[in-house]
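Peer 1: Test case, fold it:
(2 chains)
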Amino acid sequence: MTVTADTTPTVSTKTAMLSPLADASRRASAFGAALRAMRAAHDDASIRPDNVAAIEEAYRAASTEADRLFQHAAWCDRPDTDTHCCMAHTEYIEGVPRMPGDAPANASATAWANEEDAAQSVCLSVEDGEGDSQDGWFSADAARALAAQLTAAADLIDGGVSRD
Amino acid sequence: MTTSTQIPRTSRPLELAGPGERPASLSTQEGTCMREQGSASLGCANHPSGRVQPNEEYAERLLAAIAERDAAFVHAPFCDHPEAGAHPCTSSAPALPGVAYSVRGLPATAQAIAWSEEDTREQRVAIVIEHPYVEDEPAEDVFAEAWLEPATARALAAQLLDAARQADAAEFVAELDAVGESDRQVTELGALFARVEAGDFSTVAEVGDAMRRIVGVA
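Peer 2: As a prediction, this is how the structure comes out:
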């Protein structure tokens, strides 16, 4: 099962359907996982010194390879950095306090590509002013449905609703 | 409401409960005593006097005050429970299911609704994001909500549409399967590392081979 780097899919039927970007990201990510495992082994005090040296050398080579393989999403806001979950640049939307004196909340939505498999989704982040924040990932269609909910709710309020 | 004639109308009927008490509390001490009234002269353990008190009148007045408040409450036109008593009015919208961030993550849900505050009548757009409750995680870590002015809600909607357009290439199922494949390769690699940790120096060369297989350069 010999394959070549970057653009040729692996022979796996599951991975053959991946885009070159996703495939490269997957392989780079797997390499990253291997690096973490190697680092964990290196940090184990019980390992023999000669093995530590060998692992350090392999770690350096693997790091270089992982960074070479990684492809950032086209809209990544930090394409100059190493492997990471890519995000598009976005600003926080400032909310309002629910009650006077409460801390204001905020929210944002950004395109997201997983480091490990390049799967792309929409990341919604909500911080509620109480110090609690949550991130959730949504398909593009679900993100559009949520946008429609926001617009519909804004329309209900803007549509001349009495404040008596 | 016929009960509204039993007490003078006040602007804040729920303050009948008295300072320091929860206004609508009929279920604590007074409720206990009321339930025990049927047993005639038996004392009420929770009442300071130790005797059953004639608080039926108090309960009627409180219930009447609540009924009057509920009857006077004007629900927002978008309220999805206009038949209920006074409450923060909300429109209805389904909770939208998310996707797992990774094979190890659980998907969240999100929802945006119109909101009218019960007391101030301020109207905002509420957005809620919620993760499924997971045992051993604090409950407060699964939920966050924010209130937005309509204009900022529209700005967030625009962000979602932009992000959706950028993320349109997603094919989640196929790619999560692919992670499973690479995870298996990494598991194989982990077994090699275990041998290194056990002092088997020859495994280092095998580690290199396994890593090259993972990245497709073998």
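Peer 1: where along chain A do the strands fall?
Peer 2: Taking DSSP state E as the test, the strands found in chain A are A:86-87, A:93-94, A:106-113, A:120-127, A:133-138.
Peer 1: Give the partner strands of the first one in its sheet and their orientations.
Peer 2: So the one you mean is strand A:86-87. Strand A:86-87 has the following sheet partners, assigned by DSSP bridges: strand A:106-113 (antiparallel).
Peer 1: Now do the strand it pairs with: everything it contacts.
Peer 2: A:25, A:72-73, A:75-76, A:85-95, A:119-127, A:129, A:137, A:143, B:127, B:146, B:148, B:156, B:159-160, B:162-163, B:166-167 (C-beta atoms under 8 Å, 6 or more residues apart in numbering or on different chains). Where C-beta positions appear, they are placed from N, C-alpha and C, glycine not excepted.
Peer 1: So which bits of that strand are buried?
Peer 2: A:Asn106, A:Ala107, A:Ser108, A:Ala109, A:Thr110, A:Ala111, A:Trp112, A:Ala113 (16 or more other C-beta atoms under 10 Å in any protein chain shown).
Peer 1: sorry, back to before: and the strands of chain A as TSV, adding mean pLDDT?
Peer 2: Putting the strands of chain A into TSV (pLDDT from 0 to 100) gives the following:
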stretch	mean pLDDT
strand A:86-87	92
strand A:93-94	93
strand A:106-113	94
strand A:120-127	92
strand A:133-138	90
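Peer 1: can you put the ones you listed in JSON lines and add distance to B:Gln123?
Peer 2: As requested, the strands of chain A are exported to JSON lines (distance: least, C-beta to C-beta, whole Å):
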{"stretch": "strand A:86-87", "distance to B:Gln123": "32"}
{"stretch": "strand A:93-94", "distance to B:Gln123": "17"}
{"stretch": "strand A:106-113", "distance to B:Gln123": "18"}
{"stretch": "strand A:120-127", "distance to B:Gln123": "19"}
{"stretch": "strand A:133-138", "distance to B:Gln123": "24"}
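Peer 1: out of those, nearest to B:Glu83?
Peer 2: strand A:120-127 (30.3 Å; C-beta to C-beta).
Peer 1: helices or strands up against that closest one?
Peer 2: Judged by 3 or more C-beta pairs under 8 Å, 6 or more residues apart in numbering or on different chains; DSSP states H and E, strand A:120-127 is in contact with strand A:106-113, strand A:133-138, helix A:140-158, strand B:123-130, strand B:143-148, helix B:150-166.
Peer 1: Any stretches of chain A with poor pLDDT?
Peer 2: A:1-63, A:65-66, A:69, A:160-164 (pLDDT under 70).
Peer 1: okay, now B:Ala84: neighbour count?
Peer 2: 12 (other C-beta atoms under 10 Å in any protein chain shown).
Peer 1: Correction: the previous question concerned B:Ala59.
Peer 2: For B:Ala59, using other C-beta under 10 Å, the count is 14.
Peer 1: and it, which of the three is it?
Peer 2: Assigned by DSSP: H, G, I helix; E, B strand; the rest coil, the conformation of B:Ala59 is helix.
Peer 1: just to revisit the earlier point, can you put the buried residues of strand A:106-113 in JSON lines and add distance to A:Ala148?
Peer 2: As requested, those are exported to JSON lines (distance: C-beta to C-beta, whole Å):
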{"residue": "A:Asn106", "distance to A:Ala148": "21"}
{"residue": "A:Ala107", "distance to A:Ala148": "16"}
{"residue": "A:Ser108", "distance to A:Ala148": "18"}
{"residue": "A:Ala109", "distance to A:Ala148": "13"}
{"residue": "A:Thr110", "distance to A:Ala148": "19"}
{"residue": "A:Ala111", "distance to A:Ala148": "18"}
{"residue": "A:Trp112", "distance to A:Ala148": "20"}
{"residue": "A:Ala113", "distance to A:Ala148": "24"}
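Peer 1: what's the nearest residue to residue 75 if we skip its chain neighbours?
Peer 2: In the absence of a named chain, this looks at chain A. Distances taken as C-beta to C-beta, 6 or more residues apart in numbering or on different chains place A:Ala88 nearest to A:Trp75, at 4.4 Å, with adjacent residues excluded.
Peer 1: switch to chain B, that's the one I care about
Peer 2: That would be B:Pro82: by C-beta to C-beta, 6+ apart, it lies 4.4 Å from B:His75.
Peer 1: My read is that the one you found contacts B:Phe73, right?
Peer 2: No: contact criterion C-beta atoms under 8 Å: B:Pro82 and B:Phe73 do not qualify, at 9.6 Å.
Peer 1: Could you let me know which of the buried residues of strand A:106-113 ends up closest to B:Ser91?
Peer 2: Ranked by distance to B:Ser91 (C-beta to C-beta), those are led by A:Ala107 at 18.0 Å.
Peer 1: does that closest one have beta-bridge partners, and which?
Peer 2: A:Ile93, A:Val126.
Peer 1: rewinding a little: quick one, which of the strands of chain A is nearest to B:Pro88?
Peer 2: Within the strands of chain A, the stretch nearest B:Pro88 is strand A:120-127; the backing value is 18.1 Å (C-beta to C-beta).
Peer 1: Only the buried residues of the closest one, if you could.
Peer 2: A:Gln120, A:Ser121, A:Val122, A:Cys123, A:Leu124, A:Ser125, A:Val126, A:Glu127.
Peer 1: Just the CA atoms of that strand, as PDB, please.
Peer 2: Only the C-alpha atoms of strand A:120-127 are listed here, as PDB (Å, rounded to 0.1, in the frame of the first residue of the first chain):
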ATOM      1  CA  GLN A 120     -15.100  22.200   7.900                       C
ATOM      2  CA  SER A 121     -17.900  23.600   9.900                       C
ATOM      3  CA  VAL A 122     -19.300  26.700  11.500                       C
ATOM      4  CA  CYS A 123     -18.100  27.400  15.000                       C
ATOM      5  CA  LEU A 124     -20.600  29.300  17.100                       C
ATOM      6  CA  SER A 125     -19.300  30.800  20.400                       C
ATOM      7  CA  VAL A 126     -21.600  32.300  23.000                       C
ATOM      8  CA  GLU A 127     -20.400  33.900  26.200                       C
END
